[in-house]
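Participant: A predicted structure for the sequence below; I have some questions about it.
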Amino acid sequence: MSAEVPMTVPGGLRRLVREVSVLTSDGACRERHPLVHVPETDTCLIFRTTATGRGDLLVAGPRTRASYHVGKDFPLCLRLRLRPGAARPLLGVAVSELVDRVVGLGELWGGRADRLTTALTRAGGDAALALKHLEAALRDRIAAQPAADLSRGDLVRVAAEALRVRPGLRREPLPAVARRLAVSERHLRDLFADGVGLPPKRYERIARLRQVLAGGANGTGRRWGQLAAATGYYDQSHMTAEFRTLMGVTPTAYFSGRLPAPQPC
């Protein structure tokens, strides 16, 4: 079964990267437990090595539906979860072009990505060393971007933070967020689509679902009604319907391991 082991985000990347983790898998379990890709609001930069020694440097865009796959083993799989607003200036394309896609960084960066991939592969499975190479490359990349692009990214980051669902707190409406940031609501929606890849409402839906996933994994799944209220749903039936739409199964089925049949990646 795959698991995420967190790493400390380097100081030089904290403005750009929300989370760093190494994905590990138990080879004996991979046939019995599918690899689950849950819906995701963030764009991720992933470096992985294969059993043959090849290295892949990939960009995984926001994911709007869960998918279930046959598990695979990779000697190293390092994932950097980019902060909202950071992907657009780092990658050089509108994030809306990456939704539900995984592309090689070479398609976006060209030869620079190939050289970086070579350096990461030579790290020989050392996640800390690979992270140092990535930190240097991302810092160089962001330093070369125009100030206007960075300012737009900061607006997107603040807006995304305001749209997060917090237990017990009422979310700030999008028009109020736009007024606070001194931009029109339409302009903020356009910035959000460009910098996050998702419309604000879909971003909220996925962020809320991920809170349910975290709550269920932490053992609160027994109290579905309480969890629905804490994560901003109207009621338990609303939460169950949204969960089924995005995950393909009900919360009860998911947390009891009754998952859809895994498909090849």
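Facilitator: Arrived safely. Everything numeric here is computed off the predicted structure, so don't read it as measured data.

Participant: How about residues contacting stretch 199-207?
Facilitator: 39-41, 62, 64, 159-160, 163-165, 171, 174, 188-189, 192-193, 196, 198, 242, 246 (C-beta atoms under 8 Å, 6 or more residues apart in numbering). Where C-beta positions appear, they are placed from N, C-alpha and C, glycine not excepted.

Participant: mind redoing it with 10 Å?
Facilitator: Contact partners of stretch 199-207, identified using C-beta atoms under 10 Å, 6 or more residues apart in numbering, comprise 38-42, 62-65, 84, 96, 99, 159-160, 162-165, 171, 174, 177, 185, 188-189, 192-193, 196-198, 231-232, 242, 245-246.

Participant: Nearest the middle, which residue of the chain would you pick?
Facilitator: residue 42 (3.2 Å; C-alpha atoms, centre = their mean).

Participant: What does the pLDDT read for that one?
Facilitator: pLDDT for residue 42: 96.

Participant: Over to the one 4 residues further on?
Facilitator: At residue 46, the model reports a pLDDT of 96.

Participant: That one - that's part of a helix, no?
Facilitator: No: applying DSSP: H, G, I helix; E, B strand; the rest coil, one finds residue 46 to be strand, outside a helix.

Participant: State whether it and residue 37 are indeed in contact, as I suppose.
Facilitator: No: using C-beta atoms under 10 Å, residue 46 makes no contact with residue 37, being 11.6 Å away.

Participant: what touches both of these two?
Facilitator: With C-beta under 10 Å, 6+ apart as the test, residue 46 and residue 37 both reach 60, 102.

Participant: ok, back up a step: in strands, which of the contacts of stretch 199-207 fall?
Facilitator: Of the contacts of stretch 199-207, none are assigned to strands by DSSP state E.

Participant: Tell me how many other residues surround the nearest residue to residue 94 once chain neighbours are set aside.
Facilitator: Distances taken as C-beta to C-beta, 6 or more residues apart in numbering put residue 194 closest to residue 94, at 4.7 Å, once the chain neighbours are dropped. By other C-beta atoms under 10 Å, 19 other residues sit near residue 194.

Participant: Now do the contacts for residue 194.
Facilitator: 85, 87, 88, 93, 94, 95, 96, 97, 152, 153, 156.

Participant: Isn't the residue nearest to the centre of the chain up against residue 99?
Facilitator: No: with contact defined as C-beta under 10 Å, residue 42 does not reach residue 99; the gap is 11.8 Å.

Participant: just to revisit the earlier point, can you flag which of the contacts of stretch 199-207 belong to helices?
Facilitator: Using DSSP state H, 159-160, 162-163, 174, 177, 185, 188-189, 192-193, 242, 245-246 are the members of those that sit in helices.

Participant: Could I get these in a markdown table, plus columns for distance to residue 263 and neighbour count?
Facilitator: What follows is the ones in helices among the contacts of stretch 199-207, written out as a markdown table (distance: C-beta to C-beta, whole Å; neighbours: other C-beta atoms under 10 Å):
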| residue | distance to residue 263 | neighbour count |
| --- | --- | --- |
| 159 | 35 | 26 |
| 160 | 31 | 23 |
| 162 | 36 | 17 |
| 163 | 32 | 21 |
| 174 | 36 | 18 |
| 177 | 38 | 22 |
| 185 | 39 | 15 |
| 188 | 37 | 20 |
| 189 | 33 | 17 |
| 192 | 31 | 26 |
| 193 | 29 | 19 |
| 242 | 23 | 20 |
| 245 | 19 | 13 |
| 246 | 17 | 21 |
